[in-house]
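>>> only geometry, no sequence info:
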């Protein structure tokens, strides 16, 4: 088999991932994250003592799961042929709040990248609010394909072209309790300069999202 030089498009495609890793996986600037003090702001304090029976905001999950164990080996093999099932955990500034894992491989001329990230918010209500805000900003499609994942989910797809090479990406964003889950799946065919079909990428992203949400368990917050 003749050797395959790393395509320019692949280098460009991986650059954002490298930047995120070097920046300590800066979720604080991501679309799903609130301003730095959002979770710390509380209603004005009353001078009256707090009642012992006051309810604490519902929080389904205390921390993220071990991310590389959430997507099954079967799913990884189907979506990213040639990738190690163990995956690679992404760097995070606070593993008790944010964790993620990625899988990537170039098999022949076909390149695939999959990642899953989990971000725990202070309450279910806050996560719901942030999920809605991010969806409105992105103009995402919460179509039937993603509606039965988690408490709510949405799907976005994009076909990108750089230097004549196409890359198709599907992203599934899910809220489950107070956890925001994001699955990104993209791919390119460097022989044809084309990209996998929309059905291939959306179907793969949805399957990985189902695995990821199942990996959260029933909650322990």
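That came in fine, so what should we check first? These numbers come from a predicted model, not from an experiment.

>>> only C-alpha atoms for contact and neighbour calcs from this point on.
Fine.

>>> and the closest residue to residue 85 other than its chain neighbours, how many neighbours?
Closest residue in space to residue 85, ignoring its immediate chain neighbours: residue 73 at 5.1 Å, by Cα to Cα, 6 or more residues apart in numbering. Here the count is done by other Cα atoms under 10 Å, and residue 73 has 16 residues near it.

>>> need the contact list for residue 177.
Residue 177 makes contact with 59, 60, 61, 123, 124, 127, 128, 151, according to Cα atoms under 8 Å, 6 or more residues apart in numbering.

>>> from residue 218, how far off is the fifth one?
If I follow you right, that is residue 124. Distance check for residue 124 against residue 218: by Cα to Cα, to the nearest Å, it reads 14 Å.

>>> returning to that earlier point: and the contacts of residue 177, which of them are buried?
Among the contacts of residue 177, those scoring as buried are 59, 60, 61, 123, 124, 127, 128 (criterion: 16 or more other Cα atoms under 10 Å).

>>> tell me if I'm right that the last one and residue 174 touch.
No: with contacts defined as Cα atoms under 8 Å, residue 128 does not count as touching residue 174, sitting 10.1 Å away.

>>> one step back: relative to residue 78, which of the contacts of residue 177 is nearest.
Nearest to residue 78 among the contacts of residue 177: residue 151, at 25.9 Å, using Cα to Cα.

>>> would you agree the closest one is in contact with residue 179?
No: using Cα under 8 Å, residue 151 is not in contact with residue 179; the gap is 10.1 Å.

>>> quick check: neighbours shared by those two?
By Cα under 8 Å, 6+ apart, no residue touches both residue 151 and residue 179.

>>> now residue 193. Nearest residue, chain neighbours left out?
Nearest non-adjacent residue to residue 193 (Cα to Cα, 6+ apart): residue 165, at 4.7 Å.

>>> quick check, that neighbour in contact with residue 190.
Yes: look at residue 165 against residue 190 with Cα under 8 Å: they come within range, at 7.2 Å.
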